[in-house]
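Peer 1: sequence and predicted structure below; questions after.
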Amino acid sequence: MNLNVFNNSDLAIKALADFFVKTSNEAINDHSHFFVALSGGNSPKKLHQLLTSKDYKDQIDWSKVYFFFGDERYVPHDHPDSNYLMAKETLLDPLNIPEEQVCKIDTSLDPASAAQDYERCICRHFDEQPIFDLIILGLGDDAHTASIFPQTSLVWIDEELVKEVYLDDKKVYRISFTAPLINQAKNIAFLTFGANKANAIKAVLEGERNVAQYPAQLIKPANGTLNWFVDDDAVSLLDKK
């Protein structure tokens, strides 16, 4: 694991953008395409804006980049809470990415069918086992990642690649990559910043193993690399930095 700590969130985001460029070009040179899974929420917006800026967009052959989503809220694609909509507005449309390069979750289906359909969509892009070149993850204040929330069924998945989950406290469904799928990736990158993440990072990186309470502890790549891109505030409670 590589813990990359920066003075502020802007520097952490820039470092992840540089890492995105590096891993994409390595993948394209190696096997002619780059399979990347995006994270939802607000944290990646600045990353997307940076990647679409004049300083970055010409460093990648976007015609060979295929986009996926680590999780999705069970809402229509035009809903303000949609991870797909956020990526579409901040990354995909500015780069003129064709629809055939985007594997999105069909939330017009029932949740279980949407998860199964999305898993099939993923598998169609890989010859054998799906192994992403890069999966970008966030970390919730409660130590969830993707939509693997504490004390939910997704914590215990050991076979399915994609699964639906009902969040009783929020009264909503989500569709998510499972830990077994994430852990097959060649590169995994957490983007996390702010003092509100300090307790979660402390629990995940230095706490006793308790995946039911701290699901991000599940993320341990089988053969790939795990990178954290964080700011000083996010790691303020760690004993070792």
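Peer 2: Done, it's in.

Peer 1: what is the burial count for residue 151?
Peer 2: The number of residues packed near residue 151 is 11, by other CB atoms under 10 Å. Using the backbone N, CA and C atoms, a C-beta is placed for each residue, glycine as well.

Peer 1: ok, it to residue 99 distance?
Peer 2: Taking CB to CB, to the nearest Å as the measure, residue 151 falls 37 Å from residue 99.

Peer 1: what's the answer for residue 54, then?
Peer 2: 25 Å.

Peer 1: also residue 55?
Peer 2: 27 Å.

Peer 1: now do residue 39
Peer 2: 21 Å.

Peer 1: so residue 136: helix, strand or coil?
Peer 2: At residue 136 the chain is in strand, as set by DSSP: H, G, I helix; E, B strand; the rest coil.

Peer 1: what is the longest helix along the chain packed up against?
Peer 2: Longest helix in the chain by number of residues, with DSSP state H as the criterion: helix 9-31. With contacts defined as 3 or more CB pairs under 8 Å, 6 or more residues apart in numbering; DSSP states H and E, helix 9-31 has these neighbours: strand 2-6, strand 34-38, helix 45-51, strand 134-137, strand 187-192, strand 225-231.

Peer 1: what do you get if the cut-off is 6 Å, keeping everything else the same?
Peer 2: Identification of packing neighbours for helix 9-31 by 3 or more CB pairs under 6 Å, 6 or more residues apart in numbering; DSSP states H and E yields strand 34-38, helix 45-51, strand 187-192, strand 225-231.

Peer 1: so can I have a markdown table of these showing mean pLDDT?
Peer 2: Formatted as a markdown table, the helices and strands packed on helix 9-31 follow (pLDDT from 0 to 100):
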| stretch | mean pLDDT |
| --- | --- |
| strand 34-38 | 98 |
| helix 45-51 | 97 |
| strand 187-192 | 98 |
| strand 225-231 | 98 |
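
Peer 1: would you turn these into CSV with distance to residue 136 and mean neighbour count?
Peer 2: Formatted as CSV, the helices and strands packed on helix 9-31 follow (distance: least, CB to CB, whole Å; neighbours: other CB atoms under 10 Å):
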stretch, distance to residue 136, mean neighbour count
strand 34-38, 6, 23
helix 45-51, 8, 19
strand 187-192, 5, 24
strand 225-231, 9, 21
